[in-house]
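Enquirer: Sequence and predicted model, in that order:
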Amino acid sequence: MRDTRTPPAYAPPPAEALKIICKTDQFAVIDKPSALLSVPGRGPDKAICAQSIVQDRLGEALTVHRLDMDTSGLMVFARTKAAQRALSMAFQDRQVDKTYNAIVSGVPQSESGRIDLPIARFSRQRPLRHVAEAGDADALPASTSWRLLEPLDGSARLELKPITGRSHQLRLHLAAIGHPILGDVFYGEAASAPRLLLHASMLCFPDPAAARQRCFDSSPGF
C-alpha cells in the first residue's frame with residue numbers, strides 16, 4: 001500500500017466538456033470528462049460536478065451511480081424518482097453491463113484474465129482503499145475480468161469489466177497484479193500520464209420506462 005498522495009486543488013474542466021449523449025423523460029446518459037466530480041464533494045469549492053451541470057441543463061439529475069473524479073466516460077442520471085429507484089435496483093441486481101478501457105503499465109503475459117481480490121469495506125487512509133487481508137472481517141468480494149486489446153511500448157491497452165462494483169476496484173485490482181493504470185495518483189505513478197487513463201466506454205442498462213436494454217458507447221480520448 002502506498003502512502004496517501006495529496007491531490008492538487010480541485011480544478012474542474014469547463015462545463016461544456018461534459019457531453020449529454022442521450023436524454024429521455026426518465027434518464028440522461030452523459031460522457032463525463034476526467035477531473036470532474038460525479039456528485040458534489042465536501043465544501044463549496046467542490047460544488048461543481050457532473051450532477052450540477054446536468055441539473056443546470058435539464059432541471060433534474062438524480063444519482064444512480066458514480067465514476068471516480070479522475071475517470072472519464074459514460075454515466076447515467078435518473079430524471080424522476082421512479083426511474084432512480086428502477087435504475088438503482090438494476091445496478092444492485094447486476095443487470096447493468098459496464099466496460100472500461102485503460103492503458104496500464106507493462107504488458108500482461110496472457111491475453112485475458114480475472115482478478116479475484118477482496119477489498120476492505122473501510123479505508124486505512126481516506127480516500128485510498130486496500131486489498132483485504134486474510135481474516136479481515138470487513139472484506140468484500142471483488143472481481144474484475146480483463147482482456148488485452150493492444151500491446152504498446154512498455155504499456156498495454158486493456159478492456160476491463162467489473163463483475164462487482166467496489167470503490168476504486170479497477171485501479172486497485174490492476175495495481176495489485178503489477179499493472180497499475182497510467183496516471184493513477186493513488187495506486188500508480190501520477191507522472192506516467194497527464195491524466196488517469198481509465199474510461200467508461202460502454203454502458204448497458206434496462207430502460208426504466210420500457211422492456212428493453214439500452215446500450216451506449218464512448219471512445220476514450222487516449
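Expert: Looks like it came in fine. Numbers count the residues shown, from 1 in each chain.

Enquirer: now the strands for this protein?
Expert: 19-23, 27-32, 72-78, 97-105, 112-116, 119-120, 139-140, 143-151, 155-162, 198-206, 213-217 (DSSP state E).

Enquirer: Which strands border the last one, and is each parallel or antiparallel?
Expert: Sheet pairing here is set by DSSP bridges, and for strand 213-217 it gives strand 198-206 (antiparallel).

Enquirer: and the angle for the partner strand with strand 19-23?
Expert: 10 degrees (axes from the mean of the first three to the mean of the last three C-alpha atoms, to 10 degrees).

Enquirer: For strand 198-206, C-alpha coordinates in CSV please.
Expert: In CSV, the C-alpha atoms belonging to strand 198-206 read as follows (Å, rounded to 0.1, in the frame of the first residue of the first chain):
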residue,chain,number,x,y,z
LEU,A,198,-9.3,4.9,-17.5
HIS,A,199,-12.5,5.5,-19.4
ALA,A,200,-16.0,4.1,-19.0
SER,A,201,-16.5,3.1,-22.7
MET,A,202,-19.7,1.1,-22.7
LEU,A,203,-22.9,1.2,-20.5
CYS,A,204,-26.0,-1.0,-20.9
PHE,A,205,-29.0,-0.9,-18.6
PRO,A,206,-32.7,-1.8,-18.6
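
Enquirer: For that strand, which outside residues touch it?
Expert: 29, 32, 67-68, 70-76, 86-87, 90-91, 95-102, 170-171, 181, 184, 212-222 (C-beta atoms under 8 Å, 6 or more residues apart in numbering). Bear in mind the C-beta positions are built from the backbone N, C-alpha and C, glycine included.

Enquirer: List only buried entries from the residues you listed.
Expert: 29, 32, 67-68, 70-76, 86-87, 90, 96, 98-102, 170-171, 181, 184, 214, 216, 218, 220, 222 (16 or more other C-beta atoms under 10 Å).

Enquirer: Distance to Gln55 and mean pLDDT added to the strands of the chain, as CSV?
Expert: Formatted as CSV, those follow (distance: least, C-beta to C-beta, whole Å; pLDDT from 0 to 100):
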stretch, distance to Gln55, mean pLDDT
strand 19-23, 12, 98
strand 27-32, 10, 98
strand 72-78, 9, 98
strand 97-105, 23, 98
strand 112-116, 36, 98
strand 119-120, 31, 94
strand 139-140, 31, 94
strand 143-151, 32, 98
strand 155-162, 27, 98
strand 198-206, 20, 98
strand 213-217, 20, 98
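
Enquirer: No further queries at this time; thank you.
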